[in-house]
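Asks: Structure for the following, please:
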Amino acid sequence: MARKMQMRARTVGDIAELMVRVAHPMETGLRKDKATGKKIPAHFIQNMTVVHNDKVVVSADLGIAISKNPIMGFGLVGAKNGDKVTVTWQDNKGEKESQTIDISV
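Replies: As a prediction, this is how the structure comes out:
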């Protein structure tokens, strides 16, 4: 399976700036297919977790009000060069992905 998530982290002083992009349709379940007139089934990210050096630092419950292919940004205070950050997301259809990166200067 091709990766759906792209991550980038860099340090600015004692804060690591983490950017996460997820390729995801984020369908609300309220939109209709123009060709058939039928509702497009809901398909959205339900939760995202950020773990910094084995400690959960962000746990977010998401929903239908997030745009297609969302980009999320986080600031991790006290992060150092070489620290590990893992981001995991799961959607309402059970699909999920997890990726780990090292913070770099």
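Asks: For the host helix or strand of residue 97, give me every contacting residue.
Replies: For residue 97, the host element (DSSP states H and E) is strand 96-102. Applying C-beta atoms under 8 Å, 6 or more residues apart in numbering, the external contacts of strand 96-102 come out as 3-5, 7-9, 22, 82-90. The way it works is simple: take the backbone N, C-alpha and C, and place the C-beta from them, glycine included.
Asks: quick one: which two of those residues are the most distant?
Replies: Spanning the widest gap among the contacts of strand 96-102 are 82 and 90, at 27.8 Å by C-beta to C-beta.
Asks: between those two, who's got more neighbours?
Replies: A direct count of neighbours by other C-beta atoms under 10 Å for residue 82 and residue 90 places residue 90 higher, at 16 against 10.
Asks: who's in contact with that one?
Replies: By C-beta under 8 Å, 6+ apart, the neighbours of residue 90 are 45-47, 96.
Asks: try 6 Å this time
Replies: Residues near residue 90 by C-beta atoms under 6 Å, 6 or more residues apart in numbering: 46-47, 96.
Asks: gap between the closest residue to residue 42 other than its chain neighbours and residue 64?
Replies: Nearest non-adjacent residue to residue 42, counting by C-beta to C-beta, 6 or more residues apart in numbering: residue 29, 3.0 Å away. Separation of residue 29 from residue 64 (C-beta to C-beta, to the nearest Å): 7 Å.
Asks: any idea how far residue 54 is from residue 37?
Replies: From residue 54 over to residue 37 (counting by C-beta to C-beta), the distance is 50 Å.
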